[in-house]
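> sharing a sequence plus its predicted fold:
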Amino acid sequence: MQKKILILSEPFGLGHTKVAEGIAQRISMYDSSIDIKIMELGNVLKPFITSVFVHSYQRLSTQLPALWRKLYHFQQHQPVSVSLQNFIYQLFHRKIEDVLEQYKPDLVICTHPFCSSTVARKKRLGFKVKQCTILTDCYAHGIWVQPEVDLYIVPNQDVKDQMMKMGIQSDRIIVTGIPVDPRFSANENKHQVRKDLNLKELPTALIMGGGLGLGGIPEIAKTVSKWKEKLQIVICTGKNDKLKNSLLNNEDFQHSNIHILGYIDNVDKWMEASDLLITKPGGLTCFEAIFKGVPLLIYQPLFGHEEENCEFFVKHDLAIKLSDDYMIDDYIYKLLYEPEDLNTIRQKMEQFQQKMDPQRSVKNIVEFLYQ
């Protein structure tokens, strides 16, 4: 009988669903006989409430960061409580039973803690299904931790250690890195990719603010634009159309070496074409950059999970945290005139990449599915 995998995500940022798509692609390449379905669970079961919650999260994390930080750190070292599980279920996921009954999966993979919490709750109440949860950040917040989860895929050893302290057995945690889309593992010719993207043969800086275009993109872009005569600049605003239009209408960015993009689905190509990435520290984006070997400059991490991501990447010399405009100018200067100074970051990325094995995550998931 054909095996079925249901992959559940949520629309709180694009990273969780991108990880879902990446692992689905890798599993299909490994075993094409498996039937795989991806679903943003809250969008299916409670689209209005989910939309309101996503909007509130964006406003809270960007306009009231101190309050968001307090909420994030509340009981961050404790496994998710039964009362919080019930709250998440009642608010977002009532009628998940209908989804599970309709699809009848042999395995549920979760790439967001809310989905993982609700599936774990169902298992605690007697529902029989195998569950795997993939962490998408470099820190194990307690909301990810549920004893009912059978298999965890985590990005690094630090996260495994944190989860073990919260009661998860070592043999249920596999360290593989975040399983990014296989396209980021492909070796491509930078010059040909630039040609395909209609870019010039110039040193290239890519500026990103995540799928929602959050953070200080306008300020970063204005600083970098001072180098536009010698530097090719690509600014990606994600789904933030208001930001995109404001940049397009700003005379500071009217130059043939400046490219302003909205949401793109070929990030791997733009990273391949770039020599430097200036970005918020979303877990998936940073792992994608590591696979592509693009030196990372991190700016304005959101309080909470992005702070933890930033600390991890800086601690392991995989990125530089920007503190002011002078640092931006310093690294643009190095890119243009002393590019060898960026080789240390590239070497650390290469060493770290050798420790990651997304195919191991696929192998463990498929073996667990057939057990």
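Yes, it's here.
> what's the span of stretch 176-183, first residue to last?
Stretch 176-183 has its terminal residues 17 Å apart, counting by C-alpha to C-alpha, to the nearest Å.
> give me the contacts around that stretch.
The contact list for stretch 176-183 (C-beta atoms under 8 Å, 6 or more residues apart in numbering) reads 18-19, 21-23, 25-26, 29, 134-136, 153-156, 268, 283-284, 287-288, 291, 355-358, 360-362, 364. For the C-beta atoms, the positions are set from N, CA and C on the backbone; glycine is no exception.
> same thing with stretch 324-340?
Stretch 324-340 is contacted by residues 203, 205, 219-220, 223-224, 226-227, 230-231, 275-276, 278, 297, 320, 322, 341-342 when judged by C-beta under 8 Å, 6+ apart.
> make it 6 Å
With contact meaning C-beta atoms under 6 Å, 6 or more residues apart in numbering, stretch 324-340 is reached by 203, 223, 227, 230, 275-276, 297, 322, 341.
> now do the buried residues in it.
328, 331-332, 335 (16 or more other C-beta atoms under 10 Å).
> ditto for stretch 151-166
151-156, 158-160, 162-163, 166.
> now, those that are in helices?
Applying DSSP state H to these, the entries found in helices are 158-160, 162-163.
> can you put these in JSON lines and add distance to Pro182?
Output for these, formatted as JSON lines (distance: C-beta to C-beta, whole Å):
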{"residue": "Asp158", "distance to Pro182": "25"}
{"residue": "Val159", "distance to Pro182": "22"}
{"residue": "Lys160", "distance to Pro182": "24"}
{"residue": "Gln162", "distance to Pro182": "28"}
{"residue": "Met163", "distance to Pro182": "26"}
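> and which of those residues is nearest to Thr237?
Thr237 has its nearest neighbour among these in Val159, at 30.2 Å by C-beta to C-beta.
> touching, the closest one and Asp137? I think so.
No. Taking contacts as C-beta atoms under 6 Å, Val159 lies outside contact range of Asp137: 8.2 Å.
> can you give me the strands for the chain?
Counting by DSSP state E, the chain has strands at residues 4-9, 35-40, 107-110, 130-134, 151-154, 173-175, 204-208, 232-236, 258-261, 276-279, 296-298, 319-321.
> out of the ones you listed, deepest packed?
Stretch with highest mean neighbour count among the strands of the chain: strand 107-110 (a mean of 27; mean count of other C-beta atoms under 10 Å).
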